[in-house]
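Novice: coordinates only, sequence not included:
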């Protein structure tokens, strides 16, 4: 078992573009759930809208990169509004069911064979990332981050991904300390009190839904770029649940919580994978196959989500007084 | 409900649950040897063992499995070949999770069997982040497309939809009862559905007749309901945990259970005994025998549940708790006991629903419950959260809608219609069809 290698892999997860995408999507959930109390279980749908919006406008309409990103973001705004109109007046559990259903509707639609020409159905779409990598200012070569070496493409996507995460954190931080953010937290604490002060609660919730959704759609783009492919199977309901695990790990009503939560989530997954596979390889564990070891890790994710919710709902960084529920 | 308990108590019961999980996990090697393992392993050629990733499938005609057919996979400079085994299973090991061209050698097909119309051969198969990819070739002998009169098609779809709706209702009634008495939206209900089918498969694989396997699986579902309530939900209720945190805990439980099931059962889809059944003609409409049995079984069980709820003391107590737990407790009803019974009955109903769902799809897989969970939710929400008869009506509407919509919609979009209807109903009548008008926003 090569502990050095396992640690390097774990470090790689710390800064990987997937972690950046999870952090961004979880930050969107923090805006929804942590700050506004909206129980959005459809963040995977927002990510799918972003990824497919980008891929389809690039492939079907030959849109240049900025236009494609704009289309993806606009699509998620529209999705948020369509979703918000019927549901934002409803109780939290209804909102949860409707958002999870809407995300699944998106996934069924991009999977259907009738739209294969546009969405590629179950196989998804590929080869749309060229425009992004053409912008790469770094010459070909090997770049090192800490102990980790990578080529210029991997370096570029990491730089862009984490820059977006930092900017998004900054924006959310500024928003939440503004008067607008205070009203939002007020809605979370007591909707009726805020309404009696003459605020349009519905409009505030809708704005929060749109902002979190846009973050989710950006995350979808960053998630899909390094893979160079977008596949509907990646946007199932499990993705949303993993994002909730990240959010609760870090702290749901914090700006940095989702980022740290996503980092912990992926580092722990990588470490357990490395250790389990290593132990299987050297024969220390004989009762598990490799694929069972993989499933064991996700069993742990589920158990961790339960334990977190029960014993430390405020997460690593959060403040127990700032929970979206009493 | 009084919340007097100490955190230590809760910690103890959670540890109990964790301990249970650990025992279940460590029991893995013993269970591995049992019949639950996929048949594909026995039938795979030498090829398959060289690599971790594999493409596979089962070749099945109208008369059963098709053996000795050559299948090839090419891609990335790799070429692999396999021959289907006596049970029709084939599997080709491939070096990487990429896209491969899979072709079936039509010359090796037995006489009288040809690929069904519209079956691509060769075809592209792509791995979706798992170590196995499945592709199914469908066979048919000179399938002739017939134009059936519209009304007949409609009646046939409606009958199938009624059958599907009733099997949905089995799970939905349990979910609705649990919601009504505890306020919990249980996302782990889908895994209770899966467990029923998986247990039935395991018991049937152990050599029990299918009827006994079904009864044991339903009892197992009830046991899961009991263990869940005793080990997890009751301590959380005593602690005064809010509804939203409980919902998120149920999501964690759903993830854990789903992967525990996959841990033992594997990722493959298996069939229960008798999964292929003949078509029975009832006058001008025809229905498969399994669907008809499923319809009758669920109808009987639902009528029995309705009788229990309306006519017996415990049923009345359940409705009282659903209506107002505090008032029920004040009038001498043991609320915790009622909730425990509701969990056990809900688990049994979900398990039975899962077995019928396995026949309806057909197939048993670790994520089958997850696929049906949203339809159960749709049925429950349509009827009105927490109302038992609403769940029944809502599920039947969802079932009818899913099946009838296939006349116009592509089959892979049939669930979309049901989910859309649910969203539309919430827009205009948020309390659902039978729900009481109360403040829900």
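Specialist: It's in. Since the structure is predicted, the reported quantities are computational estimates derived from the model, not experimental observations.
Novice: Quick check: residue A:146 touching residue A:11?
Specialist: Yes. Counting by CB atoms under 8 Å, residue A:11 is a contact partner of residue A:146 at 6.0 Å. C-beta coordinates here come from the backbone N, C-alpha and C atoms, glycine included.
Novice: Tell me which of those two has more neighbours.
Specialist: residue A:11 (16 against 10; other CB atoms under 10 Å in any protein chain shown).
Novice: could you say what helices and strands the helix or strand where that one lies packs with?
Specialist: Secondary structure assigned from DSSP states H and E places residue A:11 in helix A:3-14. For helix A:3-14, the contact count by 3 or more CB pairs under 8 Å, 6 or more residues apart in numbering or on different chains; DSSP states H and E identifies strand A:148-151, helix A:257-281 as packing neighbours.
Novice: okay, those, which one's buried deepest?
Specialist: Comparing the helices and strands packed on helix A:3-14 by mean neighbour count (mean count of other CB atoms under 10 Å in any protein chain shown), helix A:257-281 comes out on top with a mean of 21.
Novice: what about the helix or strand following that helix, distance to the chain center?
Specialist: As assigned by DSSP H and E, the chain's next helix or strand after helix A:257-281 is helix A:290-311. The chain centre lies 19 Å from the centre of helix A:290-311; the measure is CA atoms, centre = their mean, to the nearest Å.
Novice: Go through helix A:290-311 and flag the buried ones.
Specialist: For helix A:290-311, the neighbour count (16 or more other CB atoms under 10 Å in any protein chain shown) marks A:291-306, A:308-310 as buried.
Novice: For chain B, tell me whether it is touching it.
Specialist: Yes. Looking at helix A:290-311 against chain B by CB under 8 Å from any CB of the partner chain, the contacts come from A:290-292, A:295-296, A:298-299, A:301-311.
Novice: Same question for stretch A:208-218.
Specialist: No. Counting by CB under 8 Å from any CB, no contacts exist between stretch A:208-218 and chain B, the nearest distance being 15.0 Å.
Novice: do the same with stretch A:120-134
Specialist: Yes. Stretch A:120-134 is in contact with chain B by CB under 8 Å from any CB, via A:122, A:123.
Novice: average pLDDT across that stretch?
Specialist: Along stretch A:120-134, the predicted confidence averages to a pLDDT of 87.
Novice: Quick check: buried residues in it?
Specialist: When neighbours are counted by 16+ other CB under 10 Å, the buried residues of stretch A:120-134 are found to be A:120, A:121, A:122, A:123, A:124, A:125, A:126, A:128, A:129, A:131, A:132.
Novice: The first one: what's it in contact with?
Specialist: The neighbourhood of residue A:120, defined by CB atoms under 8 Å, 6 or more residues apart in numbering or on different chains, consists of residue A:126.
Novice: What separation is there between it and residue A:222?
Specialist: For residue A:120, the distance to residue A:222 equals 20 Å [CB to CB, to the nearest Å].
Novice: do the third one as well
Specialist: Here the distance between residue A:122 and residue A:222 works out to 23 Å (CB to CB).
Novice: How about the last one?
Specialist: Using CB to CB, one obtains 10 Å as the distance from residue A:132 to residue A:222.
Novice: Mutual contacts of those two, please.
Specialist: Counting by CB under 8 Å, 6+ apart, the residues touching both residue A:132 and residue A:222 are A:157, A:160.
Novice: Residue B:280: how many residues sit nearby?
Specialist: 14.
Novice: Tell me if it really is in a strand.
Specialist: Yes. Residue B:280: assigned to a strand according to DSSP: H, G, I helix; E, B strand; the rest coil.
Novice: Give me the pLDDT value at the closest residue to residue B:275 other than its chain neighbours.
Specialist: In space, not counting the residues next to it along the chain, residue B:275 is nearest to residue B:362; the distance is 4.3 Å by CB to CB, 6 or more residues apart in numbering or on different chains. pLDDT for residue B:362: 85.
Novice: And residue A:311, how far from residue A:67?
Specialist: With the distance defined as CB to CB, residue A:311 ends up 47 Å from residue A:67.
Novice: angle of the helix holding residue A:11 against helix A:257-281?
Specialist: Relative orientation of helix A:3-14 and helix A:257-281, computed by axes from the mean of the first three to the mean of the last three CA atoms, to 10 degrees: 150 degrees.
Novice: from the chain's centre, how far out does helix A:3-14 sit?
Specialist: Taking CA atoms, centre = their mean, the mean C-alpha location of helix A:3-14 is offset from the chain mean by 22 Å.
Novice: tell me which residues of it are tucked away?
Specialist: A:6, A:8, A:9, A:10, A:11, A:12, A:13, A:14.
Novice: List just the nearest of these to residue B:272.
Specialist: The shortest approach to residue B:272 among the buried residues of helix A:3-14 belongs to residue A:13, at 40.4 Å (CB to CB).
Novice: and that closest one, what is it in contact with?
Specialist: Shown in contact with residue A:13 (CB under 8 Å, 6+ apart): A:19, A:263, A:266, A:267, A:269, A:270.
Novice: how far away is residue B:265 from chain A?
Specialist: 10 Å (CB to the nearest CB, to the nearest Å).
Novice: mind listing what residue 100 touches?
Specialist: As the question left the chain open, I've gone with chain A. A:41, A:42, A:237, A:240, B:374, B:377.
Novice: if you could check chain B rather than the one you did, that'd help
Specialist: Neighbouring residues of residue B:100 by CB under 8 Å, 6+ apart: B:55, B:73, B:74, B:75, B:76, B:78, B:94, B:124, B:125, B:126, B:133.
Novice: which element is residue 155 on?
Specialist: Picking chain A for this. In the assignment (DSSP H and E), residue A:155 maps to helix A:152-177.
Novice: could you do chain B instead?
Specialist: Per DSSP H and E: residue B:155 is located in helix B:150-182.
Novice: Kindly provide the whole-number mean pLDDT of that helix.
Specialist: Helix B:150-182 shows an average pLDDT of 90 in the prediction.
Novice: any idea how far the nearest residue to residue B:81 once chain neighbours are set aside is from chain A?
Specialist: In this structure, residue B:81 finds its nearest non-sequential neighbour in residue B:72, 4.8 Å apart by CB to CB, 6+ apart. Distance check for residue B:72 against chain A: by CB to the nearest CB, it reads 20 Å.
Novice: Take the contacts of residue A:13 and write them to CSV, including pLDDT and distance to chain B.
Specialist: CSV is the format used below for the contacts of residue A:13 (pLDDT from 0 to 100; distance: CB to the nearest CB, whole Å):
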residue, pLDDT, distance to chain B
A:19, 96, 17
A:263, 95, 20
A:266, 94, 15
A:267, 94, 19
A:269, 92, 13
A:270, 92, 16
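Novice: now, among these, which is nearest to residue B:236?
Specialist: For residue B:236, the closest of these turns out to be residue A:269, at 26.6 Å, with distances computed as CB to CB.
Novice: That closest one is in contact with residue A:297, isn't it?
Specialist: Yes. Checked against CB under 8 Å, the pair residue A:269 and residue A:297 is within contact range at 5.8 Å.
Novice: Cool, thanks, signing off.
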